[in-house]
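Asker: here is a sequence together with a model predicted from it:
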Amino acid sequence: MDKKGKKEPGIKEWTIILAAGALLLLLSVPDLFHKEKEKTIDTGAVVQQSEKQTEEYAERMERKLEEMLMKIDGVTSAEVIITVKSTMEKVVLQDTTTDAECLEEKDGGGGLRNSQKNTEEKKTVLAGEQPYLTKELTPEVEGVVAVISGAESSSVLAITEAVQALFDVPAHKVKVINN
């Protein structure tokens, strides 16, 4: 037999074949070129903020209430203390994946067995490096004490009602003292 048209593969051909094989191997490995790890936050849907931010919020509300009290006729000075129950909270968006598996088996004796398996996986959705926030919850006010000077006794009742309306606290947790 004559082998005129066929030629043995040389170094060039073997190099091309090996390079193509190496390329296919590299492409078949997922996430080989992605060195960043998947970023998920496993803290639930609420991220609590620091005590400092909560204190700043309470101080800001105290200043606003003091400014409002100074606008009441006859009030010459006002000092307010606000206590809060919890810290500020930020609600983050989560991607939830739920799987349900139901299995029904019959044995040789005519018995029937059902088993059910439910799994749920939550991952926090990120906006760049930070979690995607859906809303921010301000701390719940627990109590308010206001010390004022110069107001009439009828103004004290109005101030108590105003504080109740502003911070949604019951009357027994609001104390207005008129010096």
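Answerer: Received, thanks. Numbers count the residues shown, from 1 in each chain.

Asker: who touches residue 140 in this structure?
Answerer: 84, 85, 86 (C-beta atoms under 8 Å, 6 or more residues apart in numbering). Any C-beta I mention is one placed from the backbone N, CA and C, and that applies to glycine too.

Asker: out of these, who's the most crowded?
Answerer: For those, the largest number of neighbours (other C-beta atoms under 10 Å) sits with residue 84, at 18 neighbours.

Asker: burial of the closest residue to that one other than its chain neighbours, as a residue count?
Answerer: Computed as C-beta to C-beta, 6 or more residues apart in numbering, the closest residue to residue 84 that is not its neighbour in sequence is residue 139, at 3.9 Å. Number of residues near residue 139 (other C-beta under 10 Å) recorded here: 20.

Asker: got the contact list for residue 139?
Answerer: Residue 139 makes contact with 54, 57, 58, 84, 85, 86, 87, 88, according to C-beta under 8 Å, 6+ apart.

Asker: packing partners for the helix or strand hosting residue 164?
Answerer: According to DSSP states H and E, residue 164 maps onto helix 153-167. With contacts defined as 3 or more C-beta pairs under 8 Å, 6 or more residues apart in numbering; DSSP states H and E, helix 153-167 has these neighbours: helix 51-70, strand 141-149, strand 174-178.

Asker: show me how far that helix is from its chain's centre.
Answerer: 35 Å (C-alpha atoms, centre = their mean, to the nearest Å).

Asker: and of the helices and strands packed on helix 153-167, who's closest to residue 167?
Answerer: strand 141-149 (4.0 Å; C-beta to C-beta).
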